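Enquirer: please work out how this folds:
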Amino acid sequence: MTIGVLKEPDFETRVSLLAEVAALLIKQTVNIQIEDGAGEQAFCTNADYEKAGAIIKTRAEVIEQSDILLSIHPLSKSEIVNLKSEILIGVYQPLNNQSLIQAYAAQGITTFSLDMLPRTTRAQSMDVLSSQANIAGYKSVLTAANAYSRYFPMFMTAAGSVAPAKVLVLGAGVAGLQAVATAKRLGAVVEVFDTRPAVKEEVQSLGAKFVEVEGAADASTAGGYAVEQTDEYKQKQQQKIAETIAKSDIVITTAQIPGKKAPILISEEMMQRMRKGAVIVDLAASTGGNTPLTKNNETVFQNGITIIGNSNLQSTMPSDASKLYGKNIFNFLQLIINKENELQLNWEDELVKGACITHQRRIVNERVRAIDNRQ
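Expert: Residues are numbered from 1 along each chain as shown. The predicted model follows:
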């Protein structure tokens, strides 16, 4: 069994496996091939991989000689023609990348996209969304603090008192909760909004206030993902957010719905009521953003408000992000490789089935297929 690790595109600093995780697989007598320079931006050199027992090769050699190929971002349609591997593992956002997924299916590639894993207790050790969102939530607050023109904590000095920053977090998922915890550590006063009443206790346990809006759609059957809300609820939601955002200095937005454009939670009218110098960090920027002015990978200045659009903040901490991502990959590989280092796909396993997108020239994931059939 040979596993290949590819270098990511220039905008991505992470790598699928650091040398320390590669060493664990090598101990299991798995051959590891690393594309030349794949780990450099995560501060893992070719020498580190070689010390762990991996072999450094060119990109073409890794693609042509690996049984399983690891690449966080999708390979291009031109590259998949040369794959020896029938197994491709990464984070491919298949609900938003239909044409590429169709190409993978046509090429006969078995594709596993770990962002599609069921959100269950058993899947936690493989949950790349959670491990990376945790980092993004932490870094979102530091990014906001860096752009904010005032202190976060309250200060009482001889020159006068400084009030603490008021932070509003929209969405209490993994990223949102980490943002809450980080903002509290920095001394801010934090309020949180989420459509799921069940997260109220978690929010309060971190010392934040939970902003409640009644009438949310039940998300208990959505596998841990957000769901679309009714128009009536959205109106009440907008009103409540408008009241809270007018008092906020920092807003962290995290709201996304798989396969859909991110919901607009902050209107231009709401932003006009915000204090000059306020900062919005939009983690949903890659799917349109939670404000109408958000631009992915850009900072927009509007009427004294700073809007930072970034859905890949985890890449600003490539060492820990790669370490955690690599452990997620390692744990998933244990499901599909047996003790004899042979590929063994158990379709009765909900995690294997749930993460599989294409197999035997077909789109097999029900959620992806449903979108594909509508187009």
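
Enquirer: helix, strand or coil for Lys84?
Expert: Per DSSP: H, G, I helix; E, B strand; the rest coil, the secondary structure class of Lys84 is coil.

Enquirer: okay, now Leu142: neighbour count?
Expert: As a burial measure, the neighbour count of Leu142 was computed by other CB atoms under 10 Å and equals 17. For glycine as for every other residue, the C-beta is placed from the backbone atoms N, C-alpha and C.

Enquirer: now it: how far from Lys184?
Expert: For Leu142, the distance to Lys184 under the criterion CB to CB, to the nearest Å works out to 13 Å.

Enquirer: what are the ranges of the strands in the stretch 251-375 of the chain?
Expert: With DSSP state E, counting those that start in this stretch as the criterion, the stretch 251-375 of the chain has strands at 279-282, 298-302, 305-309, 356-359, 362-363.

Enquirer: each with direction, which strands does the last one pair with?
Expert: So the one you mean is strand 362-363. Using DSSP bridges, strand 362-363 pairs in its sheet with strand 356-359 (antiparallel).

Enquirer: what's the strand it pairs with in contact with?
Expert: By CB atoms under 8 Å, 6 or more residues apart in numbering, the residues outside strand 356-359 that reach it are 92, 94, 101, 104-105, 109-113, 116, 345, 363-365, 368.

Enquirer: which ones among these map onto helices?
Expert: 101, 104-105, 368 (DSSP state H).

Enquirer: now the helices for the stretch 1-150 of the chain?
Expert: Here the stretch 1-150 of the chain has its helices, by DSSP state H, counting those that start in this stretch, at 19-27, 46-52, 59-65, 98-107, 128-147.

Enquirer: I'd like those helices as TSV, with distance to Gly354 and mean pLDDT appended.
Expert: Written out in TSV, the entries for those read as follows (distance: least, CB to CB, whole Å; pLDDT from 0 to 100):
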stretch	distance to Gly354	mean pLDDT
helix 19-27	23	97
helix 46-52	31	98
helix 59-65	26	94
helix 98-107	15	92
helix 128-147	13	97
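
Enquirer: so which of the ones in helices among the contacts of strand 356-359 is the closest to Ala42?
Expert: For Ala42, the nearest member of the ones in helices among the contacts of strand 356-359 is Tyr104. The distance, counting by CB to CB, is 25.9 Å.

Enquirer: ok, that closest one to His359 distance?
Expert: Tyr104 sits at a distance of 10 Å from His359 (criterion: CB to CB).

Enquirer: what touches both of those two?
Expert: Overlap of the contact sets of Tyr104 and His359 (by CB under 8 Å, 6+ apart) consists of Thr111.

Enquirer: quick one, which of those two is more surrounded?
Expert: In this view Tyr104 and His359 are compared by other CB under 10 Å, and Tyr104 has more residues nearby, 26 against 21.

Enquirer: any idea how far that one lies from Gln28?
Expert: As it turns out, when the distance is counted by CB to CB, Tyr104 lies 27 Å from Gln28.

Enquirer: repeat that for Glu12.
Expert: Applying CB to CB to Glu12 and Gln28 gives a distance of 27 Å.

Enquirer: okay, those two: which has more neighbours?
Expert: Neighbours per residue (other CB under 10 Å) separate Glu12 from Gln28, with Glu12 holding more: 17 against 13.

Enquirer: which residues are in contact with that one?
Expert: Contacts for Glu12 were tallied using CB under 8 Å, 6+ apart; they are 41, 72-73, 312, 315.

Enquirer: and if you look at Asp127?
Expert: Shown here is Asp127, whose contacts under the criterion CB under 8 Å, 6+ apart are 114, 117, 119, 328.

Enquirer: ok, Pro318 next?
Expert: Counting by CB under 8 Å, 6+ apart, Pro318 touches 13-15, 41-43.

Enquirer: again, 6 Å this time
Expert: Counting by CB atoms under 6 Å, 6 or more residues apart in numbering, Pro318 makes contact with 13-14, 41-42.

Enquirer: quick one: these as TSV, columns for distance to Ile56 and neighbour count too.
Expert: Conversion of these to TSV gives the following (distance: CB to CB, whole Å; neighbours: other CB atoms under 10 Å):
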residue	distance to Ile56	neighbour count
Thr13	19	20
Arg14	18	25
Gln41	16	18
Ala42	15	26
